[in-house]
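[1] need coordinates for the below:
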Amino acid sequence: MLNLLLNFITACRTSNLRVSTSEVIDCARQLELIDVTDEDQFRATLRANFAKSRRDQRNFDRLYHLYFHEMRPECEFTPDTLDRRELLEILDRLKEQMENDPITQAILDFLSGNPTSYLAELQRVEKQEELPNQTVRSNLSQLSGRLEIMLRINHARNRLVQLQTDISSGESSGRRLPANHLADRLDTASAMITQEIRPYNDGLRQVKTYDKHYTDLGERSFASLTEKEIEEMREVIKQLVRKMKDMMSRRYASRSKGILDVKKTLRHAGKFQGVPMVIKYRDRPLRKTKIVALCDVSGSVWSAARFMLNMIYSMQDCFSDVKSFAFICGPTNITDIFEKNEVNSAIEKVLTDTDINFNALTDYGEMFYQFHRDNMSLLNKKTTLIIVGDGRSNYHNPREKLLEDLRAKCRRVIWLNPEPEQFWGTGDSEMNVYKAFCHEVRPCRNLNQLIDFIEDLVF
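    You can find the predicted model right below:
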């Protein structure tokens, strides 16, 4: 039992599930207190020790099902079903006919019942990135890695079919059972490389409804506004900004509310023998949230970019610290421009006087890489990270693991998408990948949706 547990733990660690030595010891002690033949108790004990968060539970469930069900451990080798010696003989013949390289060896180990090296190959492909000197960035390195593994699996399948044919025409037809067993394992390995495993995000808030503040102008998409409607919308946004500033000033000026401070009340009343009794409250000013905003200004969201930049500019007076970045394929810090210029001139300077390459293709993966490399110090547990963009990365490597690192550093991550929700995940859109690492995603393609977001964020 202990060896079986240790092998499963090795598979978990290989698949990027963190399991410490102390957790292994605790799990082994707890297994002594339960009936290990009861799978519900056995699985619950392992899950309680090794899946530390809800985001880890889906990965644990996948590994548990793979190791204890699909891999069919040694207990299933019975005289009526499979002969262990015949299985090993077929595996030895496969090894003689196939190449001696890490991928092939990992597939053969998987067929023999040890999935660790194959899981390690999958992790290697998942983390594989393009060479830094390549002029055209893409996710072809990952796709080629998956294709290489798939070709080796198909090669092993062809060899197995040939062996199965030879065996069936030979002296012992009973050997077809082990060959079929290995074919099932090849099907499992093939499904693992083709199925996309996405992280579990049970706490995601995906906003789909909003209030209709304006019936006509508020429902018009940013992309379909005329010049006159743009001016009208700017006036509405100015009124909303004034409302935000007034609300914030009232919130931080209010001091006679909150939790009763008993010590301060009694100390003040002691000066006058308790008459009159003046109630004192704990003087705790509201904490202002820090904001880091990343705004896509590429051609696909050009119509919405001006209004999003206007929204980011307006947040400067409502929060203690706002850092603003515009990007297409790399982030450009525009905080100083917003601090030193009036809103309209600031937006014009961002779109005309910065070093943003507007002829480049949008690359969210490269943007996350550069921001992760240069600006991680801006993020802490008081920071709200706001990402504005459609998530279309022109088939470049999305590098979603970098967004996961940003999420771990922030209080929350909010993604505003100016594209209709029915188009998320179509074509080169990576929204279905990115939203697994966000706390909140919402469409923001018209004035009413923008007003709802600002009110939820500030008020």
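[2] residues contacting residue 347?
    Residues near residue 347 by Cβ atoms under 8 Å, 6 or more residues apart in numbering: 306, 309-310, 313. Every C-beta, even on glycine, is put in place using the N, C-alpha and C of the backbone.
[3] next one: it from residue 444, what distance?
    Going from residue 347 to residue 444 by Cβ to Cβ, to the nearest Å gives 17 Å.
[4] can you check residue 282 too?
    From residue 282 to residue 444 the distance is 37 Å (Cβ to Cβ).
[5] now do residue 150
    Taken as Cβ to Cβ, the span from residue 150 to residue 444 is 39 Å.
[6] ok, the two, which is more surrounded?
    When residue 150 and residue 444 are compared for neighbours, residue 444 comes out ahead with 27 against 14, by other Cβ atoms under 10 Å.
[7] next, count neighbours for the closest residue to the more buried one other than its chain neighbours.
    Nearest residue to residue 444 in three dimensions, chain neighbours excluded: residue 416, at 4.1 Å (Cβ to Cβ, 6 or more residues apart in numbering). By the criterion of other Cβ under 10 Å, residue 416 has 25 neighbours.
[8] for residue 411, give me its contacts.
    Per Cβ under 8 Å, 6+ apart, neighbours of residue 411: 289, 381-384.
[9] kindly recompute the last result at 7 Å.
    Contacts for residue 411 were tallied using Cβ atoms under 7 Å, 6 or more residues apart in numbering; they are 381-384.
[10] cool, and residue 221?
    Residue 221 neighbours (Cβ under 7 Å, 6+ apart): 445-446.
[11] wait, the residue nearest to residue 444 sits on residue 453?
    Yes. Counting by Cβ atoms under 7 Å, residue 416 touches residue 453, with 6.5 Å between them.
[12] buried stuff in stretch 423-437?
    424, 429-431, 433-437 (16 or more other Cβ atoms under 10 Å).
[13] to clarify, my last question referred to stretch 28-35.
    For stretch 28-35, the neighbour count (16+ other Cβ under 10 Å) marks residue 31 as buried.
[14] low pLDDT regions in the stretch 251-400 of the chain?
    Residues of the stretch 251-400 of the chain meeting the criterion pLDDT under 70: 251-258, 276, 283-288, 317.
[15] strands of that one, residue ranges please.
    290-296, 321-327, 331-333, 383-388 (DSSP state E, counting those that start in this stretch).
[16] the first one pairs with which strands, parallel or anti?
    Looking back up the chat, that one is strand 290-296. strand 321-327 (parallel), strand 383-388 (parallel) (DSSP bridges).
[17] was I right about residue 94 contacting residue 110?
    No. The criterion here is Cβ under 7 Å, and residue 94 misses it with residue 110 at 11.8 Å.
[18] ranges for the helices of the stretch 201-350 of the chain?
    227-253, 262-269, 302-314, 335-340, 343-352 (DSSP state H, counting those that start in this stretch).
[19] er, the stretch 1-150 of the chain I mean
    Along the stretch 1-150 of the chain, counting by DSSP H, counting those that start in this stretch, helices occupy 2-14, 21-31, 39-50, 54-65, 84-97, 102-112, 116-127, 140-168.
[20] looking at these, spot the one closest to residue 408.
    helix 54-65 (10.6 Å; Cβ to Cβ).
[21] that older thread, of all the strands paired with strand 290-296, which one is nearest residue 14?
    Here strand 383-388 is closest among those (Cβ to Cβ), at 30.5 Å.
[22] just how off-centre is that closest one within its chain?
    Computed by Cα atoms, centre = their mean, to the nearest Å, the chain-centroid distance of strand 383-388 equals 14 Å.
[23] give me the angle between that strand and helix 302-314.
    160 degrees (axes from the mean of the first three to the mean of the last three Cα atoms, to 10 degrees).
[24] walk me through the domains of this structure.
    Taking automatic domain parsing as the criterion, the chain consists of the domains 2-194, 205-253+287-458, 254-285.
[25] and residue 59, how far from residue 13?
    Taking Cβ to Cβ, one finds residue 59 at 12 Å from residue 13.
[26] now swap in residue 36 and tell me
    22 Å.
[27] distance of the residue lying farthest from the centre of the chain from residue 266?
    Here the centre of the chain is the reference, and by Cα atoms, centre = their mean the most remote residue is residue 273, at 60.9 Å. Going from residue 273 to residue 266 by Cβ to Cβ gives 12 Å.
[28] can you lay out the strands paired with strand 290-296 as TSV showing mean neighbour count and distance to residue 185?
    Shown next, in TSV, are the strands paired with strand 290-296 (neighbours: other Cβ atoms under 10 Å; distance: least, Cβ to Cβ, whole Å):
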stretch	mean neighbour count	distance to residue 185
strand 321-327	22	45
strand 383-388	23	41
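[29] for those, give me CSV that also has distance to residue 405.
    Conversion of the strands paired with strand 290-296 to CSV gives the following (distance: least, Cβ to Cβ, whole Å):
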stretch, distance to residue 405
strand 321-327, 17
strand 383-388, 11
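[30] so for residue 52, which of those strands sits nearest?
    strand 383-388 (23.1 Å).
[31] mind listing residues that contact the closest one?
    289-296, 308, 379, 406, 410-416.
[32] distance to residue 358 added to the helices of the stretch 201-350 of the chain, as a markdown table?
    What follows is the helices of the stretch 201-350 of the chain, written out as a markdown table (distance: least, Cβ to Cβ, whole Å):
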| stretch | distance to residue 358 |
| --- | --- |
| helix 227-253 | 20 |
| helix 262-269 | 58 |
| helix 302-314 | 9 |
| helix 335-340 | 16 |
| helix 343-352 | 8 |
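[33] out of these, which one sits most buried?
    helix 302-314 (a mean of 22; mean count of other Cβ atoms under 10 Å).
[34] quick one, that one and helix 343-352 angle?
    Comparing the axes of helix 302-314 and helix 343-352 via the same axes, to 10 degrees yields an angle of 130 degrees.
[35] tell me which residues touch residue 453, please.
    Contacts of residue 453 (Cβ under 7 Å, 6+ apart): 416, 442, 444.
[36] pLDDT on whichever helix or strand it is part of, on average?
    Under the criterion DSSP states H and E, the helix or strand holding residue 453 is helix 447-458. Helix 447-458 shows a mean pLDDT of 80.
[37] just give me how far that helix sits from the chain centre.
    Distance, centroid of helix 447-458 to centroid of chain: 24 Å (Cα atoms, centre = their mean).
[38] what's the answer for stretch 355-372, then?
    The answer for stretch 355-372 is 19 Å, by Cα atoms, centre = their mean.
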